[in-house]
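Undergrad: Below is the sequence, then the predicted model.
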Amino acid sequence: MNIIDIKDLDDDFFKYKEFAGIDTVNEIINDIKINGDDSVKKYSKKFGDGELDSFEVTGQEIENAIREVPSEILKSIEYAIKNVKKFAQAQLSNLKDTEVSFDGMTLGHKIIPIERIGSYVPGGNYPLPSSAIMSVVPAKVAGVKEAIVCSPKIQPVTIAACKYAGADKIFKVGGIQAVAAMAYGTETIPKVDKIVGPGNKFVTAAKKEVYGVCGIDFLAGPSEVLIIADDTSRADFIAADLLAQAEHDKDAEAYLVTTSRQLASKVLEKIDEYLKLLETSDIASESIKNGCIIITDSIEQAIEISDKKAPEHLEICFDRAEDYVSRFTNYGSLFIGNYSAEVFGDYCSGTNHILPTNSISRYTGGLSVFDFVKIQTYQNISKESSEKYLSPNASNLAKTEGLFAHKLSADLRRGL
């Protein structure tokens, strides 16, 4: 990581990284649309999932997987599920059916769960049972009838997490072929209404292509963390949190913004120390180079940088950080104080770890129970209200817009 002064920070630091489409994505998606399971098998073999005689994880395989997972890991999975469920239930309690009456009209909305969702759970570099928890639990809390999971090279611990989280079907399929299969449906994998969950650039490109055929959560790129700190912060905590992000993959991004040069130097020392100990140092040592430490003159400057960058994970661990919370508006998830480690959000504190990256937290938050419901409106209008209030006003507006069938429809309601 390089140390740079705020005066040397250029606009490239804040620039949206254009999402490059992958040439093979459309070819694979179209093949699966036409040939279904046969194409899924073909691409699974081609891209390293091996020969798949069947896609779905059977009940017996689920039982065997749960038996393979150490009891302390199963207890941690249950703890994470409990917290994620509790927070999702609290969120859902703020959404209510609404109805209001005035001028002879009754207007309202209903909260309706999506019927079937597909969760993509990565399984490339590491098994990610936490991603199964984060995508399936809020869906089931929302009332989704069927939640299916697709995951490549699925490990017993991920199968256990899927089952405990409430997944209805689990498929050992990944990559572009999994996204295409969930979007269009095959003989074995059902068509879903929405696809959620993280993935590599191929999975993300596939989600982009199928959007419209089904819904998606958002297009997420490499993982990010931005930490704001001062001379009261702990260098060892910060170094570990930066490396925790860096070890995801070689494109991950980790940034420190601080008012203290002394802290910056201590953090770099700690990073070097920890890299010698980490089993994932080959990845972390590469991706940490993508990051930097920015020296600012004040916390106010740090806040400006953070809000312009709009990071996926934002840690604020400077003096009286809680007093500044309202000053931040753009982040995927916020971690306040030295002991609110981003890793806790990744696994088990209860908030979701499927979050917007690449500055898109400027217009959306992370995955939540709200992503699995639809707010759908209705109206019931009396004859009197139609004649007295709505028809004349709708008729005037329709005429202004040059839509004369619209005008006719409104005028007929008052006998014209």
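TA: Sure thing, it's come through.
Undergrad: Enumerate every residue touching the residue nearest the centre of the chain.
TA: The residue lying closest to the centre of the chain (C-alpha atoms, centre = their mean) is Ile354, at 3.1 Å. Ile354 sits next to 131, 134-135, 196-198, 217, 220, 366-367 when contact means C-beta atoms under 8 Å, 6 or more residues apart in numbering. For every residue, glycine as well, the C-beta is placed using N, CA and C.
Undergrad: 10 Å instead?
TA: Shown in contact with Ile354 (C-beta atoms under 10 Å, 6 or more residues apart in numbering): 119-120, 130-131, 134-135, 138, 196-198, 217-218, 220, 332-333, 366-368, 371.
Undergrad: Okay, helices next: where are they in the stretch 151-300 of the chain?
TA: Secondary structure of the stretch 151-300 of the chain (DSSP state H, counting those that start in this stretch): helices at 156-165, 175-184, 201-210, 235-246, 261-275, 281-287, 299-309.
Undergrad: can you give me the strands for the chain?
TA: For the chain, strands defined by DSSP state E occupy the ranges 2-5, 98-102, 105-113, 116-120, 146-150, 169-171, 194-196, 215-216, 224-229, 253-258, 292-295, 313-316, 333-336, 373-381.
Undergrad: Let me have those in CSV, extended by distance to Cys162, mean neighbour count and mean pLDDT.
TA: CSV is the format used below for the strands of the chain (distance: least, C-beta to C-beta, whole Å; neighbours: other C-beta atoms under 10 Å; pLDDT from 0 to 100):
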stretch, distance to Cys162, mean neighbour count, mean pLDDT
strand 2-5, 41, 12, 94
strand 98-102, 34, 10, 97
strand 105-113, 19, 15, 98
strand 116-120, 8, 28, 98
strand 146-150, 5, 26, 98
strand 169-171, 5, 24, 98
strand 194-196, 14, 25, 98
strand 215-216, 20, 20, 98
strand 224-229, 27, 27, 98
strand 253-258, 29, 26, 97
strand 292-295, 38, 22, 98
strand 313-316, 25, 27, 98
strand 333-336, 23, 20, 98
strand 373-381, 22, 12, 98
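Undergrad: Reformat those as a markdown table; add distance to Glu273.
TA: As requested, the strands of the chain are exported to a markdown table (distance: least, C-beta to C-beta, whole Å):
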| stretch | distance to Glu273 |
| --- | --- |
| strand 2-5 | 17 |
| strand 98-102 | 56 |
| strand 105-113 | 49 |
| strand 116-120 | 36 |
| strand 146-150 | 38 |
| strand 169-171 | 41 |
| strand 194-196 | 38 |
| strand 215-216 | 41 |
| strand 224-229 | 18 |
| strand 253-258 | 16 |
| strand 292-295 | 16 |
| strand 313-316 | 20 |
| strand 333-336 | 23 |
| strand 373-381 | 47 |
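Undergrad: closest one to Glu61 among these?
TA: strand 169-171 (8.6 Å; C-beta to C-beta).
Undergrad: separation between Lys407 and Gly108?
TA: As judged by C-beta to C-beta, to the nearest Å, Lys407 and Gly108 stand 27 Å apart.
Undergrad: Please apply the same query to Glu322.
TA: 39 Å.
Undergrad: Which one, of the strands of the chain, ends up nearest to Lys41?
TA: Going by C-beta to C-beta, the one of the strands of the chain nearest Lys41 is strand 169-171, 12.2 Å.
Undergrad: for that closest one, the distance to its chain's centre please.
TA: With C-alpha atoms, centre = their mean, to the nearest Å as the basis, strand 169-171 stands 20 Å off its chain's centre.
Undergrad: Please renumber the chain so that the first residue is 162 from this point on.
TA: Taking 162 as the first residue, the last one we looked at is strand 330-332.
Undergrad: and that strand, what does it pack onto?
TA: helix 220-229, strand 277-281, strand 307-311, helix 317-326, helix 336-345 (3 or more C-beta pairs under 10 Å, 6 or more residues apart in numbering; DSSP states H and E).
Undergrad: Can you list the strands that the third one pairs with?
TA: For strand 307-311, the paired strands and their directions (DSSP bridges) read strand 277-281 (parallel), strand 330-332 (parallel).
Undergrad: Save those as CSV, and put in distance to Lys560 too.
TA: Below are these laid out as CSV (distance: least, C-beta to C-beta, whole Å):
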stretch, distance to Lys560
strand 277-281, 44
strand 330-332, 53
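Undergrad: which one of these lies closest to Tyr345?
TA: strand 277-281 (11.2 Å).
Undergrad: Now find how far off-centre stretch 217-234 is within its chain.
TA: The answer for stretch 217-234 is 26 Å, by C-alpha atoms, centre = their mean.
Undergrad: Which one of the strands paired with strand 307-311 lies nearest to Ile350?
TA: Between the strands paired with strand 307-311, strand 330-332 lies closest to Ile350; by C-beta to C-beta that is 5.8 Å.
Undergrad: and Asp468, which of the strands paired with strand 307-311 is closest to it?
TA: That would be, of the strands paired with strand 307-311 and by C-beta to C-beta, strand 277-281, which comes in at 29.9 Å.
Undergrad: Can you tell me the closest non-neighbouring residue to Ala390?
TA: Thr419 (4.6 Å; C-beta to C-beta, 6 or more residues apart in numbering).
Undergrad: mind checking how far the one you found is from Ala425?
TA: 6 Å.
Undergrad: Beta-bridge partners for the residue lying closest to Leu403 once chain neighbours are set aside, please?
TA: Nearest residue to Leu403, sequence neighbours excluded (C-beta to C-beta, 6+ apart): Ala415, at 4.1 Å. Residues in a beta bridge with Ala415, per DSSP bridges, are Val386.
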